[in-house]
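Colleague: Sequence first, then the predicted structure, then my questions.
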Amino acid sequence: MTARMGTARLGPTERATALRRMAAQELDVVVIGGGVVGAGVALDAATRGLTVGLLEARDFASGTSSRSSKLIHGGLRYLEQLNFDLVREALQERALLLQRIAPHLVRPVPFLFPLTHLGWERPYVGAGLMLYDTLGFSLGFTRGVPGHRHLSRRRALRLA
């Protein structure tokens, strides 16, 4: 099956046609999941001359492989939900990966979190980050991960 580059419709009729075509022929590779990883695998296989079928349950790239993220996090977002057990579990998993299982593969990646609401946001986010750092420190899960810090606008812009 040869595909042309360009614009194509991706509606229900085209999906049904594509599924019939895939069922009627032998494929070298069938990729399940059309997120960023699946699309990359399909593209790589096709550029190597293999016949490829790509199956996606929803809209193409709808999940963008969010369920297979390579991001190791400590569960900061679970604090706002007051899910302390999940925060503790995420911190523990992060620490195991950083310190024991894969220190050669895992590294801290700094990020800037811009505050856009004057007045209430800095104390709110700051309190959450302080609680998060305290949880990690008290549980012994912070080795190799720097704590948060507040930056001035000028310093943040310079860093970015």
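Modeller: Nice, I can see it.
Colleague: drop to CA atoms for contacts and neighbour counts, all remaining ones
Modeller: Noted.
Colleague: my read: Leu98 touches Arg107, true?
Modeller: Yes: look at Leu98 against Arg107 with Cα atoms under 8 Å: they come within range, at 6.9 Å.
Colleague: Look at the two and report which has more neighbours.
Modeller: Shown here are Leu98 and Arg107; by other Cα atoms under 10 Å, Leu98 has more neighbours (22 against 13).
Colleague: so is the more buried one in a helix, a strand, or just coil?
Modeller: Of the three states, Leu98 takes helix under DSSP: H, G, I helix; E, B strand; the rest coil.
Colleague: Can you check the pLDDT for it?
Modeller: You'll see Leu98 listed with a pLDDT of 84.
Colleague: Next: the one 10 residues further on.
Modeller: The per-residue pLDDT reported for Pro108 equals 81.
Colleague: Same question for Leu50.
Modeller: Per the predicted model, pLDDT is 96 at Leu50.
Colleague: Contacts only, for it.
Modeller: 27-29 (Cα atoms under 8 Å, 6 or more residues apart in numbering).
Colleague: How much space separates it from Val41?
Modeller: Distance of Leu50 to Val41, computed by Cα to Cα, to the nearest Å: 11 Å.
Colleague: just Leu79 next, same as before
Modeller: Distance, Leu79 to Val41, using Cα to Cα: 35 Å.
Colleague: who's in contact with the longest helix along the chain?
Modeller: Among the segments of the chain that qualify as a helix by DSSP state H, the longest is helix 121-138. Helix 121-138 is contacted by residues 76, 79-80, 88, 91, 115, 142, 147-148 when judged by Cα under 8 Å, 6+ apart.
Colleague: May I ask which two of those residues are separated the most?
Modeller: Maximum pairwise distance in the contacts of helix 121-138, criterion Cα to Cα, is 25.7 Å, between Arg88 and Leu115.
Colleague: more crowded one of the two?
Modeller: Per other Cα under 10 Å, whichever of Arg88 and Leu115 has more neighbours is Arg88, with 21 against 12.
Colleague: could you dump the host helix or strand of that one to PDB, C-alpha only?
Modeller: Secondary-structure assignment from DSSP states H and E places Arg88 in helix 84-96. Provided in PDB are the C-alpha atoms of helix 84-96 (Å, rounded to 0.1, in the frame of the first residue of the first chain):
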ATOM      1  CA  PHE A  84      -1.100  12.500  50.200                       C
ATOM      2  CA  ASP A  85      -0.800   8.700  49.800                       C
ATOM      3  CA  LEU A  86      -0.400   9.200  46.000                       C
ATOM      4  CA  VAL A  87       2.200  12.000  46.600                       C
ATOM      5  CA  ARG A  88       4.100   9.700  49.000                       C
ATOM      6  CA  GLU A  89       4.000   6.900  46.500                       C
ATOM      7  CA  ALA A  90       5.200   9.100  43.600                       C
ATOM      8  CA  LEU A  91       8.000  10.600  45.700                       C
ATOM      9  CA  GLN A  92       9.100   7.100  46.700                       C
ATOM     10  CA  GLU A  93       9.100   5.800  43.100                       C
ATOM     11  CA  ARG A  94      11.000   8.900  41.900                       C
ATOM     12  CA  ALA A  95      13.600   8.400  44.700                       C
ATOM     13  CA  LEU A  96      14.000   4.700  43.800                       C
END
